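**Q** Below are the sequence and a predicted model for it; my questions follow.
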Amino acid sequence: MIELAPSILSADFARLGEQVRAAGEGGASVIHVDVMDGHFVPNLTIGPPVLTSLRKATELPLDCHLMIENPDQYIPDFAEAGADWISVHYEACRHLNRTLHLIKSHDCRAGVVINPATPVNALAEVLDIVDYVLVMSVNPGFGGQKFIPSTLHKMRRLAEIRAERGLQYRIEVDGGVSLNTVTDVVQAGAEILVAGNAVFGSGDPRKNAQALLKAAAEAALQRV
């Protein structure tokens, strides 16, 4: 099943609730929340208080992508604020196994994220723990970046490993997902599509979400 997870990083925060609801009406089934600390990545975004407000505006699962140093310190706060899924970067975690179990202990789905320069085999020892793997198809820190085609092989490899080992994790992709790239990422194995500008950048988020999901569904049929 292909799911669309619009990233609020590209939304109009003055109309955030309205835009999130419109994306949901267009078929989005998850809302992606990019959390940046100005240290692990150059940008600085939102914290738990915004998540608390967003939780009141939608019943869709909130997918919190922690692009932060020392995520263990903040995981309880984001879980309490309403996160349903929490993902952490392989590159930011000193004790990744423990961090993933911490997420699960707060009744959230646990995800691990890899940057474009991080190989899939770095995750070998945690793939049986995670609920999903997020492949960054841009370098993290800013919205609106151009898709990096070389990341497609990671999605393919993650799909191969899952089949080989009989695992259950899902494959998520974040960065440059648009009508121009959605076919490639879906055919490579991505199942959860994070899209910011393609949904919220211009036009109607409802129609933009519908168009992306239509293209993704067609690509999935070709994959089969």
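**A** Right, received. Where do you want to start?
**Q** contacts, neighbours, all on C-alpha from now
**A** Noted.
**Q** Skipping its backbone neighbours, what lies nearest residue 41 in space?
**A** Using Cα to Cα, 6 or more residues apart in numbering and skipping residues adjacent in sequence, the residue nearest residue 41 is residue 141, 5.0 Å away.
**Q** do the same with residue 152
**A** The shortest distance from residue 152 to any residue other than its chain neighbours is 6.0 Å, reached at residue 188 (Cα to Cα, 6+ apart).
**Q** how about residue 209, phi and psi?
**A** phi -60, psi -40 (degrees, to the nearest 10).
**Q** actually residue 91, not the one I wrote
**A** Note on residue 91: backbone dihedrals following degrees, to the nearest 10 are phi -70, psi -20.
**Q** For it, give its distance to residue 156.
**A** Using Cα to Cα, to the nearest Å, one obtains 21 Å as the distance from residue 91 to residue 156.
**Q** And for residue 146?
**A** 20 Å.
**Q** Compare the two and say which is more crowded by neighbours.
**A** More crowded of residue 146 and residue 156, by other Cα atoms under 10 Å: residue 156, with 17 against 13.
**Q** just to revisit the earlier point, list the residues that contact the residue nearest to residue 41.
**A** Counting by Cα atoms under 8 Å, 6 or more residues apart in numbering, residue 141 makes contact with 36, 41, 42, 43, 67.
**Q** Kindly recompute the last result at 6 Å.
**A** With contacts defined as Cα atoms under 6 Å, 6 or more residues apart in numbering, residue 141 is in contact with 41, 42, 43.
**Q** Report the buried residues of stretch 202-210.
**A** Within stretch 202-210, the residues that count as buried by 16 or more other Cα atoms under 10 Å are 205, 206, 207, 208, 209, 210.
**Q** So which of those belong to helices?
**A** Of the buried residues of stretch 202-210, the ones assigned to helices by DSSP state H are 205, 206, 207, 208, 209, 210.
**Q** For residue 6, state which of those is nearest.
**A** Using Cα to Cα, residue 209 is the member of these that lies nearest residue 6, at 8.1 Å.
**Q** Isn't the closest one up against residue 25?
**A** No. Taking Cα atoms under 6 Å as the contact criterion, residue 209 and residue 25 are not neighbours in contact, 8.5 Å apart.
**Q** that older thread, can you tell me which of the contacts of residue 141 lies nearest to residue 54?
**A** Distance from residue 54 was checked for each of the contacts of residue 141 by Cα to Cα. The minimum falls on residue 43, at 20.5 Å.
**Q** ok, now how distant is that closest one from residue 142?
**A** In this view, residue 43 and residue 142 are 7 Å apart by Cα to Cα.
**Q** neighbours around the closest residue to residue 1 other than its chain neighbours, how many?
**A** The spatial neighbour of residue 1 that comes closest, neighbours along the chain excluded (Cα to Cα, 6+ apart), is residue 191 at 6.4 Å. Residue crowding around residue 191 was assessed by other Cα under 10 Å; the count is 21.
**Q** what's the answer for residue 201, then?
**A** Here the count is done by other Cα under 10 Å, and residue 201 has 16 residues near it.
**Q** Please, where are all the strands along this protein?
**A** Counting by DSSP state E, the chain forms strands over residues 3-6, 31-36, 62-67, 85-89, 109-114, 132-136, 170-174, 192-195, given from the N-terminal end onward.
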